[in-house]
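Q: This is a predicted model, with the sequence first.
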Amino acid sequence: MRKFRQLTIPYLIWALVMLLIPMALILMYSFLEPGNSIVHFRISLDNYFRFFTDKDFLVILWRSLLIALKTTIICLLLGYPIAYFISRCNEKLQGILIMAITVPMWINMLVRTYAWIGILSKGGLASWVLSLFGIKDAELLYTETAVLIGMVYNFLPFMILQINTVLSKMDKSLLEASADLGADKFQTFWRVVFPLSLPGVVSGITLVFLPAVSAFFIPKLLGGGQYFLIGNVIENQFITVGEWNFGSSISMIMAIVMMLLMMLVRKLDKKSGREDM
Amino acid sequence: MDQEKKKIIQFKNIVKKFDDQIILKGINLDIYENEFVTLLGPSGCGKTTLLRILGGFLEPDKGEVIFDGKDIAKLPPYKRELNTVFQKYALFPNMNVFDNIAFGLKIKKMSKDVIEQKVMKMLKLIGLEGYENKDVTLMSGGQQQRVAIARALVNEPSVLLLDEPLGALDLKLRKEMQYELKRIQQEVGITFIFVTHDQEEALTMSDKIVVMKEGEIQQVGSPQDIYNEPVNKYVAEFVGESNIIPGRMIQDKLVRFDDHNFECVDVGYKENELVDVIIRPEDIDIVPEGQGKLSGTVESVLFKGVHYEVMVETVPGTHVTVNMHVNRDNANVKEEGDVRISANDFYLDIEDMKNWDESDLIARADAQAWSKETDEYFPIQRVDTDLKDEIGEYEVTFHTVNGLSISRRIWVVDQKVVENKKANEAVSAFNFFKTVDEIKESPALDTELKTWANAQGWKLDDESETVDLSVDYNFDPEHIKEGIYKVTFWTTGREFKIHTTDYVEEGKEVGLTFFPEDIHVMEKMGF
């Protein structure tokens, strides 16, 4: 047993170097003043202070959270029925459908997002479809809607896969038991299937919300620089402006916000896991 | 059963297929009020399918399910007034004991007070008072089982379906639950339909047992009926232990088996009808040699706790052993250009020498000619032989059209016959020749060995009556090499299994006795 435990040491060191040290560096940077060098540096809270006193940044943070929330809700509303449908198919069809959902993920996310520019641009596929319904000259590209479409498109598979895993593993005899006790399909769904699928819903929400909050190239490409999110701000600080310290502190703020949100979601999950009537 | 009782369920000609496989072959069955009915049979006999049809989880391809006078075959499960206890309980893991039991009542939108009252009553019935807030996933198998029963019973169904509910429990708990289930059934006074493959469980609990086999009902009756008067060999073998002996009905109340006539109590069979006779092991007594109705040798004695299980051989088996000559694959093949010819040496019985022709010899030698390239067969054009109607060794030559020929030997012998007067039977077989590939590639070796050796068994007093033979051999068919091997054809001797509390020595000659009413005569099963 002891020997076995010793085998984990290289992995722990690896994890330390690759995960902890970059995090520690970002944490350290976030508390340093700009222009510091190894020779002299001063610790201060200026970066954090700057973020919370600038209304523009707070608006962008709020906007990021809001669009991530919208993305998550849309993914859940679209993903749950799809996952449910897949889980009710026979095994062979399930395999094919899961495959169909994962295939786009084989292609680089950036490339897929570029494809949407084509679809959403003037005279593209989307405006042609809308014109069929009588909506002429719809401006789609470089709007919030475009960003939302891009995010839902990119993150929906994560939601479907998480929920489908839970649903397809669910003991079918529970559904029979529910029907046997007099529950019709609708009642069975709300009283048995849905409560039991919540763990999948929670991990689906986590996997969609987190990348959605900090996404930066989807808003960059589909929002066309007019739709700025917190991920773009961070990117800007690091790449364009070169203020690593300020960028680091925004990253830290985001990390804390996300952590708090996830804790909230897990708490809700625990509460609703048990049926209270 | 009581004629006053009302039929609550009627299965009428239920047929169910899965992927072209017929699972239920026209089931007709009536179930009455307040009965404990058990569907008994091995896995795959259709018992669970029948239960699931009743529960509404499967739709029959044909037939009617009459419940309380109405056909419910197409009704969804949630509209049926019966409840099921599932094989693995299927308790809702997200609810506690109370919510699980209350599930059906909440669906019916009963008031909170009524629900609480009913659930508490159920908890009392199953002996789990005070457990209402427990997490069902943390309970033992037996407790989960009880909750599952309560969850079904609380809906006050007129019929409760139980699908092998005790299968997942250990032996002691299973026994406990058997009594518990019977008690609950008597207390609530409704019909229980119980599915099991455990004959003991069925005998212990049921008012009525339905024995099923391959989608058909074999027998319906009380546990006593099923055990004492099984209708056929299958039921007798499935329920309890038994000696099953092939016999013949001489006349009413007189049956012949083991070459003796015995008085019995069975009537209504045709004269000389072939029947199966069953005698339960506990109905046979061991008496000193010469005093019983049958005599035999004690073969084995096993201590079983309450009793000894004694095997007595009343008739020894018959054996005949022959040599199988195995040749290399190409030893009996000749080729010239594109043509190949092959044939085996073989034995012939002097009895068969009276009339034979060339085609017989070709068949016995398995003589064949074919093209190496196209695998196309050529006819054997001519057969030359000096074969005579005398015991001896002869030569035979097979010729093809293109002039290729192969010579083989024929031995004319007096066929080996082993007579067994005590068993009233005889067995005969020939030595034979085969190649390695023929044995390796045989799809049903036991049957083919009998054909190759021309092995036959018959009754001495009636040669037209054949006797079944078994085959033994001392080689591994998959890794056989050339050489000579022994193949034995044999009949089983007749043995009786006896349960007795008195010890007997192995090897002792004893007599066996039983009463006429312990002989149960059954119709032969049709296959």
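A: Arrived safely, thanks for sending.

Q: Now do the SS call for B:Ile22.
A: Classification of B:Ile22 using DSSP: H, G, I helix; E, B strand; the rest coil returns strand.

Q: And the one 3 residues further on, by the same measure?
A: Secondary structure for B:Lys25, judged by three-state DSSP, is strand.

Q: so how far is chain B from the spatially most central residue of chain A?
A: Ranked by distance to the mean C-alpha position of chain A (C-alpha atoms, centre = their mean), the top residue is A:Val208 at 2.6 Å. Plainly put, A:Val208 is 24 Å away from chain B if you go by C-beta to the nearest C-beta, to the nearest Å. All C-beta atoms are positioned from the backbone trio N, CA, C, and that covers glycine.

Q: And the residue of the stretch 201-350 of chain B closest to chain A?
A: In the stretch 201-350 of chain B, no residue comes nearer to chain A than B:Glu201, which is 21.3 Å away by C-beta to the nearest C-beta.

Q: list the helices and strands the longest helix along chain A packs on?
A: In terms of residue count, the longest helix belonging to chain A (DSSP state H) is helix A:55-88. For helix A:55-88, the packing partners by 3 or more C-beta pairs under 8 Å, 6 or more residues apart in numbering or on different chains; DSSP states H and E come out as helix A:46-53, helix A:91-102, helix A:144-169, helix A:194-213, helix A:230-235, helix A:244-273.

Q: Other residues contacting the shortest one?
A: Yep, that's helix A:230-235 we're talking about. With C-beta atoms under 8 Å, 6 or more residues apart in numbering or on different chains as the test, helix A:230-235 has contacts from A:57, A:60-61, A:64, A:213-216, A:219-220, A:247, A:250-251, A:254.

Q: Closest one to B:Phe430 out of those residues, please.
A: Nearest to B:Phe430 out of the contacts of helix A:230-235 is A:Ala215 (C-beta to C-beta; 85.8 Å).

Q: where does the closest one fall, phi/psi-wise?
A: Backbone torsions of A:Ala215, given as degrees, to the nearest 10, read phi -60, psi 140.

Q: Please tell me how far the residue nearest to it when sequence neighbours are not counted sits from A:Leu210.
A: Setting aside the residues directly before and after it, A:Ala215 is nearest to A:Gly231 in space (C-beta to C-beta, 6 or more residues apart in numbering or on different chains), at 5.3 Å. The span separating A:Gly231 from A:Leu210 equals 11 Å under the rule C-beta to C-beta, to the nearest Å.

Q: In terms of packing, which of these two has more residues around it?
A: More crowded of A:Gly231 and A:Leu210, by other C-beta atoms under 10 Å in any protein chain shown: A:Gly231, with 23 against 18.

Q: Excluding residues flanking it in the chain, which one is nearest A:Phe31?
A: A:Phe31's closest residue in space is A:Ile43 (C-beta to C-beta, 6+ apart), at 5.1 Å.

Q: for B:Ala426, same thing?
A: Once flanking residues are discounted, B:Ala426 sits nearest to B:Glu419: 4.6 Å by C-beta to C-beta, 6+ apart.

Q: which residues touch that neighbour?
A: For B:Glu419, the contact set (C-beta under 8 Å, 6+ apart) comprises B:Thr318, B:Glu425, B:Ala426, B:Leu460.

Q: Please apply the same query to A:Glu176.
A: B:Gly55, B:Phe57, B:Pro77, B:Thr84, B:Phe86, B:Ala90.

Q: Give me the three-state assignment for the second one.
A: Secondary structure, three-state DSSP: B:Phe57 is coil.

Q: And the pLDDT at it?
A: pLDDT for B:Phe57: 93.

Q: separation between it and chain A?
A: 6 Å.

Q: That residue contacts B:Leu75, doesn't it?
A: No - contact criterion C-beta atoms under 8 Å: B:Phe57 and B:Leu75 do not qualify, at 11.6 Å.

Q: Among these two, which residue is more densely surrounded?
A: Taking neighbours as other C-beta under 10 Å, B:Phe57 and B:Leu75 compare with B:Phe57 leading, 18 against 15.

Q: Nearest residue to that one in space, please, no chain neighbours.
A: Nearest non-adjacent residue to B:Phe57, counting by C-beta to C-beta, 6+ apart: A:Glu176, 5.5 Å away.

Q: Checking my notes, the one you found in a helix, right?
A: Yes - the assignment for A:Glu176 by three-state DSSP puts it in a helix.

Q: Make TSV out of the helices and strands packed on helix A:55-88 and add distance to B:Ile380.
A: Below are the helices and strands packed on helix A:55-88 laid out as TSV (distance: least, C-beta to C-beta, whole Å):
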stretch	distance to B:Ile380
helix A:46-53	102
helix A:91-102	52
helix A:144-169	63
helix A:194-213	73
helix A:230-235	88
helix A:244-273	81
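
Q: Could you dump the ones you listed into CSV and include mean pLDDT and distance to B:Ile101?
A: What follows is the helices and strands packed on helix A:55-88, written out as CSV (pLDDT from 0 to 100; distance: least, C-beta to C-beta, whole Å):
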stretch, mean pLDDT, distance to B:Ile101
helix A:46-53, 86, 54
helix A:91-102, 92, 34
helix A:144-169, 92, 25
helix A:194-213, 92, 17
helix A:230-235, 87, 50
helix A:244-273, 83, 19
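
Q: rewinding a little: okay, and the beta partners of the residue nearest to A:Phe31?
A: A:Leu32 (DSSP bridges).

Q: For burial, what's the neighbour tally of it?
A: For A:Ile43, the neighbour count with other C-beta under 10 Å is 10.

Q: same check, this time on B:Thr297
A: B:Thr297 has 17 nearby residues by other C-beta under 10 Å.

Q: which residue sits closest to it, ignoring its sequence neighbours?
A: Excluding the flanking residues, the one nearest B:Thr297 by C-beta to C-beta, 6+ apart is B:Glu313, at 5.2 Å.

Q: re earlier: how confident is the prediction for the residue nearest to B:Phe57, by pLDDT?
A: Reading off the confidence values, A:Glu176 has pLDDT 93.

Q: That one and A:Val192, how far apart?
A: Applying C-beta to C-beta, the value for A:Glu176 to A:Val192 is 10 Å.

Q: Also B:Glu313?
A: Here B:Glu313 is placed at a distance of 61 Å from A:Val192 (C-beta to C-beta).

Q: the more surrounded of the two?
A: Higher neighbour count among B:Glu313 and A:Val192: A:Val192, with 24 against 16, using other C-beta under 10 Å.

Q: Give me the spatial nearest neighbour of the more buried one, chain neighbours excluded.
A: A:Ser178 is the one closest to A:Val192 (C-beta to C-beta, 6+ apart), at 4.8 Å.

Q: Could you tell me which ranges of the stretch 1-150 of chain A sit under the pLDDT cut-off?
A: The stretch 1-150 of chain A contains residues with pLDDT under 70 at A:1-2, A:35-41.

Q: Need phi/psi at the single nearest residue of it relative to chain B.
A: Of all residues in the stretch 1-150 of chain A, A:Asn90 sits closest to chain B, at 12.8 Å by C-beta to the nearest C-beta. When read as degrees, to the nearest 10, the backbone of A:Asn90 gives phi -70, psi 170.

Q: how many neighbours does it have?
A: A:Asn90: 7 neighbours (other C-beta under 10 Å).

Q: Can you name the residues that contact it?
A: Contact analysis of A:Asn90 by C-beta under 8 Å, 6+ apart lists nothing.

Q: Same question for the one 4 residues further on.
A: For A:Gln94, the residues meeting the contact criterion (C-beta under 8 Å, 6+ apart) are A:Ile86, A:Ser87, A:Ser168.

Q: Look up the closest residue to the second one, ignoring the ones flanking it.
A: Yep, that's A:Ser87 we're talking about. A:Leu167 (3.7 Å).

Q: Tell me, how many residues neighbour the one you found?
A: 20.

Q: pretty sure it contacts A:Pro199?
A: No - assessed by C-beta under 8 Å, A:Leu167 is found out of contact with A:Pro199, at 10.8 Å.

Q: got a list of contacts for stretch A:59-71?
A: Contacts to stretch A:59-71, defined as C-beta under 8 Å, 6+ apart, come from residues A:144, A:147-148, A:151-152, A:155, A:208-209, A:212-215, A:228-231, A:233, A:253-254, A:257.
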